[in-house]
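Trainee: what follows is a predicted protein model with its sequence.
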Amino acid sequence: MAISSKSAIATGDGNFIIDTVMVSEPKADEVLVQMKAAGLCHTDHDSLSWGKPIVMGHEGAGIVSAIGKDVLHVAVGDAVILNWATPCRTCFQCNLGNEHICENNSPVVAGGNGYTDGHAHVEGTRYNGKPIERSFNIGTLSEYTLVKAAAVVKNSFKDISFAAASIISCGVMTGYGSVVNIAKVKEGSSVVVLGTGGVGLSVVQGAKICKADKIIAIDINEKRLAMAKQFGATHTILAATADKGLLQAALEVKKLTEGRGADYAFECTAVPELGAAPLAMVRNAGTAVQVSGIEQEIPFDMNLFEWDKVYINPLYGGCRPEKDFPKILEHYESGALQLEEMISKTYSLEELPQAFKDRLSGKNAKGVILF
């Protein structure tokens with residue numbers, strides 16, 4: 001029997017509405033989740049321009065409401081964290097350990113445009129009598145969501161709020177994973193973080209967990225830089241908006257790193273013009289990581305690659321949800337990773353317009369919708 005679910009629905013024309021969808025009972029390999037919290041990031045606002053109706057949202061945590069007959073790893077009543085990069089665990093990339101770029105299920109890799117279905121599409125959601133897709137196959141800005149079993153990870157840590165758990169599933173994982181899984185930051189190294197929103201603060205925390213010696217945060221927002229220091233940045237640089245490519249900020253970085261540049265630099269701004277900026281921050285044979293998912297064409301000065309520099313464009317911090325989510329929760333439990341403190345404000349679903357406004361203005365590190 002289908003249940004009604006109040007949801008944020010992108011209308012396909014740049015706008016969204018709050019309305020009710022109908023959600024079916026789970027099939028054999030599906031899980032019905034009652035959402036308790038959904039984090040917000042820039043991708044959720046981008047989804048307004050995807051040109052088709054969708055149930056919005058791709059970060060979230062909740063409680064299992066029903067399971068299909070083949071589901072074994074979670075039970076009704078379990079707290080779970082949702083994972084938007086649903087692995088099939090049988091394809092070429094999954095067998096290499098690259099579950100985040102699954103060739104069968106990834107809504108990004110399968111179609112290459114960030115919002116196609118892959119094979120993890122679940123057909124059990126209807127709006128006005130017609131099927132409607134869910135953002136990244138999970139659509140967390142909804143009272144209930146129906147997903148593939150591989151899209152949920154059991155959360156056994158009872159002392160974490162749903163709000164804090166919800167932000168793990170994209171922003172925190174992307175930042176933390178880019179440091180730990182992708183760049184594999186070494187103890188005693190120097191790290192630059194460009195942009196100190198939710199993802200950037202997660203990079204800062206990941207670098208701290210890796211015991212980096214210098215963590216240099218760069219932003220145009222003084223309040224965010226103050227937050228970065230609270231989360232582990234050892235140095236901050238207030239950038240000027242007129243500093244093209246952050247080349248002047250790069251000179252400041254070199255002063256802090258014996259004139260040669262940092263060992264690692266992470267771009268977390270989502271500003272296309274800054275896609276090459278981390279290369280200006282790192283030393284010869286240093287590593288630049290483009291974390292924020294810039295996909296536009298941008299000009300590159302190839303001199304920035306001199307010499308032996310490595311530039312990486314990872315997806316989702318190389319997420320392996322069954323391994324990485326519990327590890328993040330362990331860091332949270334030990335006090336090494338702050339999550340509650342990253343949440344600037346919580347909102348009801350009806351307050352989503354204000355939540356987007358606060359996010360776009362740079363007011364929030366992370367905003368979270370509570371159900």
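Mentor: Happy to help now that I have it. From a predicted model like this one, the values you see are computed outputs, not experimental measurements.

Trainee: gap between the two ends of stretch 75-85?
Mentor: End-to-end distance for stretch 75-85, by CA to CA, to the nearest Å: 21 Å.

Trainee: in it, what's buried?
Mentor: Neighbour-count burial for stretch 75-85 flags 78-85 (criterion: 16 or more other CB atoms under 10 Å). Backbone N, C-alpha and C define where each C-beta goes, glycine included.

Trainee: any idea how far it is from the chain center?
Mentor: Chain-centre distance of stretch 75-85: 17 Å, with CA atoms, centre = their mean, to the nearest Å.

Trainee: which residue packs closest to I67, ignoring adjacent ones?
Mentor: Leaving aside its sequence neighbours, I67 sits nearest to V31 (CB to CB, 6 or more residues apart in numbering; 5.4 Å).

Trainee: pLDDT weak spots in the stretch 1-150 of the chain?
Mentor: 109-121 (pLDDT under 70).

Trainee: number of residues surrounding the nearest residue to N83 once chain neighbours are set aside?
Mentor: Distance criterion CB to CB, 6+ apart; nearest residue to N83, sequence neighbours excluded, is P321 at 4.1 Å. Using other CB atoms under 10 Å, P321 is surrounded by 24 other residues.

Trainee: same check on T287?
Mentor: Around T287 there are 23 other residues, counting by other CB under 10 Å.

Trainee: follow-up on the earlier one: quick check: bridge partners of the residue nearest to I67?
Mentor: I67, V147 (DSSP bridges).

Trainee: what distance do you get for it to A270?
Mentor: Distance of V31 to A270, given as CB to CB, to the nearest Å: 31 Å.

Trainee: please, where are all the strands along the stretch 101-250 of the chain?
Mentor: Taking DSSP state E, counting those that start in this stretch as the test, the strands found in the stretch 101-250 of the chain are 125-127, 130-131, 133-134, 144-148, 152-154, 190-194, 214-219, 235-238.

Trainee: most tightly packed of those?
Mentor: Mean neighbour count (mean count of other CB atoms under 10 Å) peaks for strand 190-194 among those, with a mean of 32.

Trainee: could you dump the strands of the stretch 101-250 of the chain to CSV with distance to I167?
Mentor: Formatted as CSV, the strands of the stretch 101-250 of the chain follow (distance: least, CB to CB, whole Å):
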stretch, distance to I167
strand 125-127, 24
strand 130-131, 29
strand 133-134, 19
strand 144-148, 17
strand 152-154, 14
strand 190-194, 17
strand 214-219, 19
strand 235-238, 23
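
Trainee: which among the ones you listed is found nearest to I328?
Mentor: When the strands of the stretch 101-250 of the chain are compared by CB to CB, strand 152-154 sits nearest I328, at 10.4 Å.

Trainee: residues contacting that closest one, please?
Mentor: With CB atoms under 8 Å, 6 or more residues apart in numbering as the test, strand 152-154 has contacts from 31, 33, 64, 73-74, 78-83, 321-322, 325-326.
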